[in-house]
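# Make a model of this:
(2 chains, ligands or ions: 2)
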Amino acid sequence: MSDEKNKSDQQKSGVSRRSFLKASGISLGVPLVVGHRVINVNGQEVKLYGPTKTSITLTINGAKQTVEVEPRVTLLEALRHELDITGAKRVCDRATCGACTMIVGGKAVYSCTVLAIEAQGKPITTVESLMQGEKLHPLQQAFVDNDGQQCGYCTPGFVMACKAFLDKNPSPTPEEVQKGLGGNLCRCGTYMGVRAAVLQAATMHKGGKNHG
Amino acid sequence: MAEYKWPDADKRTQIGKRIARLDGAVKVSGKAKYNSDLNRPGMLHGKVLRSPHAHAKIISIDTSAAEQMPGVKAVHIINGVGFEIRWAGENIVAVAALDEPTAEDAIRAIKVQYEKLPHLVVDHDLKIAGEWATPTNESKKGDYEKGFAEAEVIHEGVYGMPVITHCCLEPHGSVTEWEDDNLLVHLSTQAVSGIAAQMATPMEIPAGKIRVKQDHIGGGFGSKFGPDAWDVAGAKLSKKAGGKPVRIFLERDAELMVAGTRPSHYAKVKIGAKKDGTLTAWQSESWGSGGPNGSGSPPLPYVIDIPNQSRKHVSIANHVGPSRAWRAPNHPQACFVTMSALEDLAAKLNMDPLEFVLKNKALLGTRKDNYADELMLAAEKIGWKKTWHPRGDKTPGPIKRGLGLSFHTWGGGGHASDCDLVIQPDGSVEVRMGTQDLGVGTRTALAIVAADTLALPLEAIKISIGDNRFPASGGSGGSTTIGGISASTRRASLDALDKIFEKAAPTLNAQPAELEAIGGKIQVKGDASRSLTWAQACAKLGAMPITVRGKNPGPGPLTSQGVGGVQMADVAVDIETGIVKINKIVAVQDCGLIINLKLTESQVYGALIMGVCWALYEEKINDQTTGKTLNANMEFYKLAGIGDIGQLEVHMMTGKGYDERGVIGIGEPPAVSPGAVISNAVANAIGVRVPGLPLTPDRVLAALETKGGR
Ligand code: FES
Ligand code: FES
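Ligands and ions are numbered 1, 2, ... in the order given. Got it, this is the predicted structure:
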């Protein structure tokens, strides 16, 4: 379990991959970025990661952050355990409940089902970015006003799903709210509060207030 | 000495108002740290190897490969060679590693040999339960044979609901670490004050050396009262790893397999009445399972005390993850069976079930008048008179609409709960209590009671909970929290106020008994010209803070027990697809004096929504061939989404007749009726009973099939 053992493990797997690639006629290029190698497959450059830890850079709430993770680590876990950004939660861990919702490249995604390495180069927005100093975002304020949370475990994911939803559709009908937010589950039963919160936030937006 | 009672209605400044939860902002901003969010310095990640078999003996365990893996820091065998496994998912070996992927690899590298034993994981048919079925309850009341002889109309039916799980969104688990020979436990728990004593024995250290902390919990619903085997394993792994923090939180599949279920319940019922609807007799033979410890015996018939009764219950101890308290234990089962049988009998009598129940009002116990009021109010809100029709919607087309009703009860008296109210000479006030806020608004309620009593704004009260170094407070179960915490906080606040009056009286040239707290001031009663600000009055304490201990001595003017509620549902059923849609559910509920109307209503909304989940979707499906749970994930263990719940309306009974009962809990009672009320509405819509829950399309279509034609 020593570091030395760790190193020898890394070398072993590295060698075996190189020989595999050689044998299959793919040529290894020079690494362009620390943390992955670039190989040439039929004239196309392909990044090759892992299987050991690799250094990747994520753009989270406007700031670039570098983490070392294995390629199999999800975006959610990279944030939660490597960067201590824990607003998004791991619940179902397979794209059903929405507790892990983040906005990546402008789209709401289930971050439990996105690999951290795949999220490189795209802007990642998490619930932590919404507050302006001590002031809640109007959508967050609407959640508090309408009691859109009980235990609160689903809440950060719900807030982000609502944010992405309102960004696309700033004045939804109640029916659209019920359809558009079907991808988030709450066990405590806060849907009535969430519905009211989304409509309140939408009204404030219509009123021209700062919607963030 | 202060008189321990609640302020009169016109004197309440915060109590009974609609107040947003105080921890709303930290929750919506993602700042709230749940114990599953903790990244403690040097933290290791733990995983548990689980049994693939439902019933087996462990023959051998080989952990050597796992132990030698780089990054693995400790391995602990939870259940060793010779252990008899009694459910799939049972804990075998725990490992702690530098990161989660490594811990997963280590688990995969462990080799276990099992000797498989015969298992039983299904429960719908008593005949196949064999040796695992045990009669647990047989009772009689009156003369049921005579009761049935007197009956002019008799209905017989079989009803059933399967095992469901708690499916807390924050899984069960903990982060445990050692500081010298003291254990620090960050556990996701409903019972902060009760964990140390339960953990002391398996850890072989005095409870006094165990510190338990929790700021927020992501759901419990009855399943998080103790430390689990994996929490104890985490602490042992931590010890082996030199005290480093070890994090073990269950994967979703384990959460659904081993972290608690609600027992199933099936019943053969016979019920009789006179032609005018007067109930005469009840007979039930029921059974249910809840894992190795079997099932409880739900209180049949529910609420309605039919004069002549015969009841038998058989408990099946089978090989599925053990049951735990699930919101209002035994009541949802009893309610579903009783209300279904009542409504089926009403249909046979050609009676409106609302009239039928009112006809038998005398059987509804001490709160029968409340029930009658609540029934009338609910009927008005759902439009019963206008929309109810005899069984079977005769309008053309595939969509059939129907109404149903149900009612329920619960105790909910306050538990023992000590409160320390600390007042500093600068006027700061802190409430310290070893309780927990499950998302029901415990923090907010504590602040409301202290602020209202001391005549201070809510923000002036600091709330410190979630630590077993604070005064002991009961576990949050059985709707006992609000009564306990509000009673002791009210008493502590009143006693503290007496002390402040004593100190302030000389300056105000008055006797302590002549003083009152009002609008942030201590003043001579009714004379605003002779007053001190709160801070000025507290300055009279001198240099030292005062700490006043409040207790909840049990039932009295501050808290009592026993509540009732009525629910009515309006549903639409597509008889071509079997899909049930909720149009509307109305809940009318009493719970004594309400501390915070807004969050009390949230509890009822939450209970209704959870109820839609188990009425329409939830079922833990166990496969008898393999012994495994087939849907231990959230795609196939379904919960309702935001569009599945229809419109919900909640009405709380308050004021005279309710407030003077004192504060009573609300978490359980509204969670009882939803299965019954939705099932009754479906029967009313389609003209036939769907005898089982959840009301999935296949069950609805099968019931329509038995009716013959559509
Ligand atoms: S945790 Fe990602 S969708 Fe549930
Ligand atoms: S508030 Fe508890 S899960 Fe949604």
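# Count the neighbours of B:Gly412 for me.
26 (other C-beta atoms under 10 Å in any protein chain shown). Where you see a C-beta, it was placed from the backbone N, CA and C, and this is true even at glycine.
# need the contact list for it.
B:478-480, B:483, B:561-563, B:591, B:664-666, B:668-669 (C-beta atoms under 8 Å, 6 or more residues apart in numbering or on different chains).
# and which of those is nearest to ligand 1?
Ligand 1 has its nearest neighbour among the contacts of B:Gly412 in B:Glu668, at 27.6 Å by C-beta to the nearest ligand atom.
# Hmm, B:Thr481 and the closest one touching each other?
No - the criterion here is C-beta atoms under 8 Å, and B:Glu668 misses it with B:Thr481 at 11.1 Å.
# one step back: tabulate the contacts of B:Gly412 (CSV), appending distance to B:Pro227, pLDDT and secondary structure.
Shown next, in CSV, are those (distance: C-beta to C-beta, whole Å; pLDDT from 0 to 100; DSSP: H, G, I helix; E, B strand; the rest coil):
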residue, distance to B:Pro227, pLDDT, secondary structure
B:Gly478, 20, 95, coil
B:Ser479, 23, 96, coil
B:Thr480, 20, 96, coil
B:Gly483, 26, 98, helix
B:Gln561, 29, 96, coil
B:Gly562, 32, 97, coil
B:Val563, 31, 97, strand
B:Cys591, 31, 98, coil
B:Ile664, 30, 98, coil
B:Gly665, 24, 97, coil
B:Ile666, 27, 97, coil
B:Glu668, 24, 97, coil
B:Pro669, 29, 98, helix
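# Could you say whether the residue of the stretch 201-350 of chain B found nearest chain A sits in a helix, a strand or coil?
Nearest residue of the stretch 201-350 of chain B to chain A: B:Gly218, at 3.0 Å (C-beta to the nearest C-beta). Following DSSP: H, G, I helix; E, B strand; the rest coil, B:Gly218 is assigned to coil.
# if I pick it, what's in contact with it?
Taking C-beta under 8 Å, 6+ apart, one finds A:Lys89, A:Cys151, A:Gly152, A:Tyr153, B:Tyr34, B:Ser36, B:Cys168, B:Leu169, B:Glu170, B:Ser188 in contact with B:Gly218.
# which residue sits closest to it, ignoring its sequence neighbours?
Closest residue to B:Gly218 apart from its sequence neighbours, by C-beta to C-beta, 6 or more residues apart in numbering or on different chains: B:Glu170 at 2.4 Å.
# now do A:Leu76
A:Ser111 (4.0 Å).
# Over to B:Lys707?
B:Val688 (4.1 Å).
# Can you classify the one you found as helix, strand or coil?
With three-state DSSP as the criterion, B:Val688 reads coil.
# Next, name the residue at the spatial heart of chain A.
Nearest residue to the geometric centre of chain A (C-alpha atoms, centre = their mean): A:Ser111, 3.8 Å.
# low-scoring pLDDT stretches of chain A, where are they?
The model of chain A has pLDDT under 70 over residues A:1-35, A:205-212.
# meant to ask about the stretch 251-400 of chain B, not that
For the stretch 251-400 of chain B, no range has pLDDT under 70.
# What are the boundaries of the helices in it?
Applying DSSP state H, counting those that start in this stretch to the stretch 251-400 of chain B gives helices spanning B:252-258, B:331-348, B:353-359, B:368-382, B:384-387.
# Most tightly packed of the ones you listed?
Sort the helices of the stretch 251-400 of chain B by mean neighbour count, taking mean count of other C-beta atoms under 10 Å in any protein chain shown, and helix B:331-348 sits at the top with a mean of 26.
# and that helix, what does it pack onto?
Helix B:331-348 is packed against strand B:153-161, strand B:265-273, strand B:279-289, helix B:353-359, strand B:399-410, helix B:674-686, with contacts defined by 3 or more C-beta pairs under 8 Å, 6 or more residues apart in numbering or on different chains; DSSP states H and E.
# Now render those as CSV, adding distance to B:Tyr114.
Below are the helices and strands packed on helix B:331-348 laid out as CSV (distance: least, C-beta to C-beta, whole Å):
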stretch, distance to B:Tyr114
strand B:153-161, 32
strand B:265-273, 31
strand B:279-289, 23
helix B:353-359, 52
strand B:399-410, 43
helix B:674-686, 37
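# Now render those as TSV, adding distance to ligand 1.
TSV is the format used below for these (distance: least, C-beta to the nearest ligand atom, whole Å):
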stretch	distance to ligand 1
strand B:153-161	27
strand B:265-273	30
strand B:279-289	29
helix B:353-359	40
strand B:399-410	32
helix B:674-686	25
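# Deepest in the core, which of the ones you listed is it.
helix B:674-686 (a mean of 29).
# and the angle for it with helix B:331-348?
Angle, helix B:674-686 to helix B:331-348, by axes from the mean of the first three to the mean of the last three C-alpha atoms, to 10 degrees: 20 degrees.
# Residue 123: what's its closest spatial neighbour, skipping adjacent residues?
Reading this off chain A. A:Thr59 (5.3 Å).
# Can you look at chain B instead?
B:Ser289 (3.7 Å).
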